[in-house]
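J.: Provided below for reference: sequence and predicted model.
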Amino acid sequence: MPVKVIEEWFNSCSGCEISILNMGEKLVDVLPELEFVHIPVLIDHKYYGQTGEESQLEIPEADVAIVSGGIRNEEHKEVLEEIRKKCNILIALGTCATDGGIPALINMWTKEEALNYIYSTITTDEASPPDKVPAWLDRVYAVDEIVKVDVYIPGCPPHTQNIAEALTAVLKGESWSLPERSVCDTCPTRRERKRTSGALKRSLENLEFDPEKPIKEMRCVMEQGFICLGPVTRAGCRGDSDAPRCIKARIGCRGCYGAIRKGARPLVDMLNAWASVGVDVRSIPDRRGLLNRFIGAHQNLRPLGEGR
């Protein structure tokens, strides 16, 4: 009997759903074992009946629920709580779901400040927030701040191999999680332990590398004076490749897999890592936003008050 599956997206961009499709043959292998009973990205399913005639939220019962995106408004919260009631296993897919992701950068401002900036700046025509859409919550929440999560698959977007491994494990009744290792632990670039000139280089400048040589011959991105969040970012984006995604593209790690472990605070660790190679941390713009770029939920980013 196929496993019944719910798939729902909240405050996200659909990149996680595209990653599911990008599983290719691996997806074809598991599809016969799955029956999607609710998946708005593919099948039109109204929460309150097809014509809105129902008074209660309708979410079918399922064995497994896969949810992407953070929780931004009251409807997200209501739907998520109902999904949790209707499933046995809940999977948080993508960094928006596991840690807030890019949308949680807005947590640096209060709801009132954000709405005022959106609707009342001098570059915006006179307007007011619409009253016929779900109200915002006070901030963007990760899924596990609202309900219990059983499996975490971070990434922006998640690597298809991670998704395939997690789904296969769930179908077999096994547990799955990424190891608590940093991107640096899986990075093959050459470390010379030499200090940089001190000034942080702009991202528009080119790394020093020979495209004809393997990536293991390239010097560490951070030692070259560029921003790289590899020391404080969880490994997993590499898959079966010879290097983590960003490093393979010859750029520094963006931090999209979130912190190495739950409850970690990367700010101090990353500043120490930069200082160890001679980078003047005062030259790093918006350190708070940069180092919490993908993990603004869980109170990692909070308003600083007036006068920013």
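T.: The structure has been received and is ready for your questions.
J.: which secondary element of this structure has the worst mean pLDDT?
T.: Sorting the helices and strands of the chain by mean pLDDT, DSSP states H and E puts helix 266-276 at the bottom, at a mean of 83.
J.: Can you tell me which helices and strands that helix packs against?
T.: Helices and strands touching helix 266-276, by 3 or more CB pairs under 8 Å, 6 or more residues apart in numbering; DSSP states H and E, are helix 287-291. Bear in mind the C-beta positions are built from the backbone N, C-alpha and C, glycine included.
J.: just how off-centre is the helix it packs on within its chain?
T.: Remark: helix 287-291 is offset 15 Å from the chain centroid, using CA atoms, centre = their mean, to the nearest Å.
J.: same thing with stretch 141-159?
T.: Stretch 141-159 sits 8 Å away from the centroid of its parent chain (CA atoms, centre = their mean).
J.: How about the backbone phi and psi for residue 239?
T.: In terms of degrees, to the nearest 10, the main-chain angles of residue 239 are phi 60, psi -130.
J.: Helices of the stretch 101-250 of the chain, start to end?
T.: Under the criterion DSSP state H, counting those that start in this stretch, helices of the stretch 101-250 of the chain are mapped to 111-120, 160-171, 245-248.
J.: need the contact list for the residue minimising distance to the centre of the chain.
T.: Closest to where the C-alpha atoms of the chain average out (CA atoms, centre = their mean) is residue 95, at 1.6 Å. For residue 95, the contact set (CB atoms under 8 Å, 6 or more residues apart in numbering) comprises 101, 154-156, 256-258, 294-295.
J.: before we move on, what about residue 19?
T.: 94, 155, 157-160, 163.
J.: Isn't residue 183 up against residue 243?
T.: No: Residue 183 lies out of contact with residue 243 (CB atoms under 8 Å); the separation is 9.7 Å.
J.: of these two, who's got more company?
T.: The neighbour count for residue 183 versus residue 243, taken as other CB atoms under 10 Å, is higher for residue 183 (29 against 20).
J.: what about the stretch 51-200 of the chain, any weak spots by pLDDT?
T.: Scanning the stretch 51-200 of the chain with the threshold set as pLDDT under 70 gives 51-55, 123-124, 197-198.
J.: rewinding a little: now for the contacts of residue 19, which pair is the farthest apart?
T.: Distance extremes for the contacts of residue 19: the farthest pair is 94 and 160 at 12.3 Å, using CB to CB.
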